[in-house]
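> model this:
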Amino acid sequence: MDVFLLLPNVRSLVLSAWHEAPLHFRSAYAERANPFHTIKRLAVHHVFQADFSHFAAWIRECAAAVGGLRLTHFKLTAGLGLARAQIQEVLSALAAAPLRMLTLALEVVLWAEPELLECISEMCPEFEALTLLCRENALQTQTKACVWLPPTWTYAPHLAGLRRPLVFAWNFYIEPPREHGLADLERIECSWRIARR
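Numbering: from 1, shown residues only. Below is the predicted model of the structure:
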């Protein structure tokens with residue numbers, strides 16, 4: 001992470017674990033080599049499960065050291081999938097700072113219940129674009145369309161806390177259209193309108 005001392009004006013940053021070597025997130029970096037002075041786009045790939053609490057603490061400490069995050073885009077990918085506690089920990093770190101983030105991508109989540117969307121909209125209500133990719137179980141290694149357990153329209157009311165939603169992308173598996181295939185879309189719209197009142 002000391003490379004940030006040589007790149008004081010970096011705007012986009014991609015951090016990725018290299019093979020079996022984990023990313024190291026230490027509190028000392030918040031003072032000595034803090035990239036959050038200038039970063040607007042951050043993508044982090046393959047944080048090891050054991051390092052998640054260090055990762056969330058690193059975001060909080062770096063944000064506090066520079067008076068808040070300037071992020072507009074944040075993408076987090078996890079090869080084995082993100083569990084509920086990990087998602088909440090990262091969202092808590094992002095929400096703790098004065099954040100102007102517009103886009104969030106979580107790839108891949110194992111917790112894909114409607115409460116996930118409620119958690120996101122409560123902790124970070126300013127998101128304009130949200131991408132969620134789910135895996136059916138921890139053994140699945142490729143991302144593809146999958147069955148999210150409740151029907152589609154049950155998710156809509158849980159997005160009502162987002163103030164300016166423009167884009168929502170997910171890998172929800174939809175069967176080929178039936179004779180009355182638009183009924184699901186009507187239910188989604190109806191649920192959304194009721195929740196926004």
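
> quick one, phi psi at residue 169?
phi -120, psi 140 (degrees, to the nearest 10).

> how many other residues sit next to it?
Per other CB atoms under 10 Å, the neighbour tally for residue 169 reads 11. Any C-beta I mention is one placed from the backbone N, CA and C, and that applies to glycine too.

> beta partners for the nearest residue to it once chain neighbours are set aside?
Among residues not flanking residue 169 along the chain, residue 131 sits closest, at 4.4 Å (CB to CB, 6 or more residues apart in numbering). For residue 131, the beta-bridge partners are residue 105, residue 169 (DSSP bridges).

> Report the contact partners of residue 131.
Neighbour list for residue 131: 103-107, 167-170 [criterion: CB atoms under 8 Å, 6 or more residues apart in numbering].

> ranges for the helices of the chain?
Under the criterion DSSP state H, the chain contains helices at 28-32, 52-65, 84-95, 114-123, 183-196.

> Same list (those helices) but as JSON lines, adding distance to residue 75, mean neighbour count and mean pLDDT.
Below are the helices of the chain laid out as JSON lines (distance: least, CB to CB, whole Å; neighbours: other CB atoms under 10 Å; pLDDT from 0 to 100):
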{"stretch": "helix 28-32", "distance to residue 75": "20", "mean neighbour count": "14", "mean pLDDT": "68"}
{"stretch": "helix 52-65", "distance to residue 75": "13", "mean neighbour count": "19", "mean pLDDT": "87"}
{"stretch": "helix 84-95", "distance to residue 75": "11", "mean neighbour count": "19", "mean pLDDT": "86"}
{"stretch": "helix 114-123", "distance to residue 75": "14", "mean neighbour count": "18", "mean pLDDT": "87"}
{"stretch": "helix 183-196", "distance to residue 75": "25", "mean neighbour count": "14", "mean pLDDT": "65"}
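
> Fine, thanks again, bye for now.
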